[in-house]
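A.B. asks: This is a predicted model, with the sequence first.
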Amino acid sequence: MDLPKLAIAALGGTVSMQARHAGEGVIPTVSGESLLALVPELTNMARVTVETLGLMPSASLNFEFLLSVLSWANYQVEQGAVGVVITQGTDTLEETAAFFDYLWNHDAPLVLTGAMRSAGQVGADGPANLLDASRVALAKNSRRRGVQVVMGAEIHHGTTVRKTDSLALQAFSSPMVGPSGMLLEGTVHYLREPPRRNPLPLPQQTSQEIALLESTLSADSLLLENILELGYDGLVIAGFGAGHVSDQWADAVEKIAKKIPVIIATRTGSGPTAQSSYGFIGSEMDLIRRGALMAGFLCPRKARILLWLLVGGGRQDDLGVFLAQD
Ligand code: ASP
């Protein structure tokens, strides 16, 4: 039987980490080829090509590098891969998943996975996650769903998934909506219809900088007031509650929003921002009046990714349309 083609790339992260010597901390050293060797079942399921595109902790990934990974993944699909799997660190997985989902322009699935236990740890979850991610990438019902994150036998959509625990084995969740699917006895099940997707073209420039600040009690406004002088091209604020800031910050937001896009998200970790509930100074209604946009269901970090991509494509005027979708 002619097996489908599956492309896998390793970028690093805990899934690729082990200690060089006893007592030392783990660092990324395990290649994609070595990860694949831990999942021999895969060779009966697909013709697998594997590449090690990086061996980095995910904190050190950056947008330019992700664009090169995307171009590699595009090429794999053009060459006939029915799906693509990328292994990486979990610390920024929620951000890379959104980044890729906004740009992924194929019916074929792009699936991200990683591990919470390093390669040499007893009960390492990397091989099982890689096998599950490959199952999802190969499954027909994964088509036209964009980017999925597969961890601990759960499937989460790229725009909803968040890392909600620092060390737990089950560290990922999609607040409010839950997983988009799951693996049951090795079979891929989806719980929702495929999302409406509107992939963006590649950004024409990559030098834009988008700041992300969090509102905190009795915070000074030194950084905020200098955002324009510092040369930022956009600002996301992780606001209080339903998307609120202090009266002092509200004045600064008004000045900034006259020059660059400002998005107000919620710092709570779950729930959307409001639109028309509160009228005090610094509330969502006040901030909208002052020119800010509300992030809706997008978390602050994903809102920053969206803004970076839109500014990079000269499409910041479309921001409202994209925020209204989520
Ligand atoms: N703790 C992280 C991980 O799970 C490290 C990283 O993100 O690279 O992979």
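C.D. replies: That came in fine, so what should we check first?

A.B. asks: shaky segments in the stretch 101-250 of the chain?
C.D. replies: The model of the stretch 101-250 of the chain has no residue with pLDDT under 70.

A.B. asks: now the strands: where do they sit in it?
C.D. replies: Assigned by DSSP state E, counting those that start in this stretch, the stretch 101-250 of the chain shows strands spanning 110-113, 147-151, 154-157, 162-163, 172-173, 181-184, 187-190, 210-214, 234-239.

A.B. asks: who touches the last one?
C.D. replies: I take that to be strand 234-239. 208-215, 227, 245, 249, 253, 256, 260-267, 273, 287, 292, 295, 300, 303-304, 307-308, 311, 316 (Cβ atoms under 8 Å, 6 or more residues apart in numbering). C-beta coordinates here come from the backbone N, C-alpha and C atoms, glycine included.

A.B. asks: so what strands line up beside it?
C.D. replies: strand 210-214 (parallel), strand 262-266 (parallel) (DSSP bridges).

A.B. asks: go on, the first one?
C.D. replies: Using DSSP bridges, strand 110-113 pairs in its sheet with strand 81-87 (parallel), strand 147-151 (parallel).

A.B. asks: quick one on the thing from earlier: is it possible to mark the buried ones in the contacts of strand 234-239?
C.D. replies: 208, 210-213, 215, 227, 245, 249, 253, 256, 260-267, 273, 287, 292, 295, 300, 303-304, 307-308, 311, 316 (16 or more other Cβ atoms under 10 Å).

A.B. asks: near the ligand, which residues of the protein?
C.D. replies: Counting by Cβ under 6 Å from any ligand atom, the chain comes close to the ligand at 13-14, 57-58, 89-91, 114, 116.

A.B. asks: so which of those is the most crowded?
C.D. replies: Neighbour tally across these (other Cβ atoms under 10 Å): the maximum, 31 neighbours, falls on residue 114.

A.B. asks: ok, and for stretch 158-172, which residues are buried?
C.D. replies: Buried-residue list, stretch 158-172, by 16+ other Cβ under 10 Å: 158-163, 171-172.

A.B. asks: To residue 122, which of the strands paired with strand 110-113 lies closest?
C.D. replies: Within the strands paired with strand 110-113, the stretch nearest residue 122 is strand 147-151; the backing value is 18.6 Å (Cβ to Cβ).

A.B. asks: Give me the contact list for stretch 283-293.
C.D. replies: Stretch 283-293 is touched from outside by 237, 239, 242-245, 250, 253-254, 257-258, 261-264, 273-280, 294, 319-320, 323, with contacts defined as Cβ under 8 Å, 6+ apart.

A.B. asks: So for residue 124, what's the nearest residue that isn't a sequence neighbour?
C.D. replies: Excluding the flanking residues, the one nearest residue 124 by Cβ to Cβ, 6 or more residues apart in numbering is residue 117, at 4.6 Å.

A.B. asks: No more questions from me, cheers.
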